[in-house]
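K.L.:
3D model of this:
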Amino acid sequence: MLVQHIRDGLIEEEHDGYVMTMTVGNEPDYPYYLRSCAKPLQASLMIDYGLDKKYDLSLDEIALCCASHAGERCHTDIAQRLLNKFGLEYDWLKCGIHRPLSRTRQDEMLITGESVNYFHNNCVGKHILFLALCKENGWDIGTYDSIENPLQKEVKKKIYDLCEVGVDYPVTKDGCGVPIHSMPLRNILKGFINLFCDEKYARIKNAYLENPYIIGGEDRLDTEIMQNSKGLVAKVGAGGLCVVVNIEKRDGVVVKINDCNMDTRRLVVFEMLNRLGWSDFECDKRIKTLHGDVVGEIKINLPC
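P.N.:
Here you go, the predicted structure:
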């Protein structure tokens, strides 16, 4: 039990889950899907196959390939630029369409009557990179989302290598339609540390550190963490996941909130980073009425 909301002596709300670093915490061997936390691991193939150098990718373009972006203009403009730079067709994308995650951008589009397109999908950068990898290696573009495609076999091999996974775990389709793998939380954290602390992948690390708004955007937790700290790389994933790496210490934090409550995830991540001495985020744990009266508190139970 990680979090309890206690209002005037009564437990009103509870959230369970797991929090751990490489040395602190006690997580289950149960596997969880990586969801969008897989994106920087998947993007490592960009470096392995030299696409970043061949196409002279800028750090903001690399960031978009790793992003779960909010669909703002700064994101969709880069997506269009990437598609053109790789010489890909818009109709090849299979990420699906959803409204921008940014409420501000949603309101703008409602007022102007703009239509939603693939570029607003928070996973479009990953899909553009997948298409580029297929084009570069002669793999079938039409089935790039299939687990049987050589691309997805390479993705699995790479993720398992970075995360030090030695046995097969369940695989399913992510929300955007491509295969997503599962593994214990400790392996997810190992993968992030092995990626972001390896000089070979310094351009991915720098893309995160120098472009935190491209990685997420408006009201995105990973963006907030990176904009208000030094040397921390963060990535959120659906299903209540967040991974943060401290580059200098070669350590990190992984948080899994079982009911996927995003406010709880934010509070737990901030509290854990503060207790480790890696940040100084404001964590107001008071429960207040709309009039400002304090009527309770939020209790957080962490391993450190």
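K.L.:
Contact partners for the residue nearest to Ile97 when sequence neighbours are not counted?
P.N.:
Leaving aside its sequence neighbours, Ile97 sits nearest to Val116 (Cβ to Cβ, 6 or more residues apart in numbering; 5.4 Å). No exception for glycine: its C-beta is placed from N, CA and C like everyone else's. Neighbouring residues of Val116 by Cβ atoms under 8 Å, 6 or more residues apart in numbering: Ile97, His98, Arg99, Pro100, Met109.
K.L.:
which ones among those are found in helices?
P.N.:
Met109 (DSSP state H).
K.L.:
Reformat the contacts of Val116 as TSV; add neighbour count.
P.N.:
Conversion of these to TSV gives the following (neighbours: other Cβ atoms under 10 Å):
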residue	neighbour count
Ile97	13
His98	15
Arg99	14
Pro100	26
Met109	17
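K.L.:
ok, how many other residues are close to the nearest residue to Ala238 once chain neighbours are set aside?
P.N.:
Closest residue in space to Ala238, ignoring its immediate chain neighbours: Arg35 at 4.3 Å, by Cβ to Cβ, 6+ apart. Neighbours of Arg35 under the rule other Cβ atoms under 10 Å: 19.
K.L.:
Contact partners for Thr176?
P.N.:
Not quite, residue 176 is Cys, not Thr. Going by Cβ under 8 Å, 6+ apart, Cys176 touches Cys95, Gly96, Asn121, Cys123, Lys126, His127.
K.L.:
can you check Lys39 too?
P.N.:
When contacts are counted by Cβ under 8 Å, 6+ apart, Lys39 touches Cys65, Cys66, Ala67, Ser68, Cys123, Gly125, Lys126, Lys235.
K.L.:
quick one, what contacts the second one?
P.N.:
Same thing as Cys66. Neighbour list for Cys66: Lys39, Pro40, Ala43, Gly125, Lys126, Ile204, Ala207, Tyr208, Ile215, Lys235 [criterion: Cβ under 8 Å, 6+ apart].
K.L.:
Select, from those, the two members most distant in space.
P.N.:
The span of these, defined through Cβ to Cβ, is set by Lys126 and Tyr208 at 14.6 Å.
K.L.:
Trp172 bridge partners, please.
P.N.:
Just to correct that, residue 172 is Thr rather than Trp. Taking DSSP bridges as the rule, Thr172 bridges to Ile180.
K.L.:
contacting residues for Leu82?
P.N.:
Contacts of Leu82 (Cβ under 8 Å, 6+ apart): Glu61, Leu64, Cys65, Gly125, Ile128, Leu129.
K.L.:
mind checking how far the residue nearest to Ile97 is from Ser58?
P.N.:
Distance, Val116 to Ser58, using Cβ to Cβ, to the nearest Å: 26 Å.
K.L.:
what are the ranges of the strands in the stretch 101-250 of the chain?
P.N.:
171-173, 179-183, 232-237, 241-246 (DSSP state E, counting those that start in this stretch).
K.L.:
quick check: mean pLDDT across stretch 140-153?
P.N.:
For stretch 140-153, the mean pLDDT works out to 98.
K.L.:
Could I get the buried residue list for that stretch?
P.N.:
For stretch 140-153, the buried set under the neighbour-count rule, 16 or more other Cβ atoms under 10 Å, comprises Ile141, Tyr144, Asp145, Ile147, Asn149, Pro150, Leu151, Gln152.
K.L.:
Can you tell me which of these end up in helices?
P.N.:
Judged by DSSP H, helices contain the following of those: Pro150, Leu151, Gln152.
K.L.:
Could you save those as a markdown table and add columns showing distance to Val24?
P.N.:
Converted to a markdown table, these look like this (distance: Cβ to Cβ, whole Å):
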| residue | distance to Val24 |
| --- | --- |
| Pro150 | 39 |
| Leu151 | 37 |
| Gln152 | 34 |
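K.L.:
Touching, Cys242 and Val254? I think so.
P.N.:
Yes - using Cβ atoms under 8 Å, Cys242 makes contact with Val254 at a distance of 7.4 Å.
K.L.:
Between the two, point out the one with more neighbours.
P.N.:
Using other Cβ under 10 Å as the criterion, Cys242 and Val254 rank with Val254 on top: 28 against 24.
K.L.:
related to what we said a few turns ago, closest one to Met20 out of the contacts of Lys39, please.
P.N.:
The closest of the contacts of Lys39, once distances to Met20 are taken by Cβ to Cβ, is Lys235, at 16.0 Å.
K.L.:
who does the closest one bridge with?
P.N.:
Beta-bridge pairing for Lys235 (DSSP bridges): Val243.
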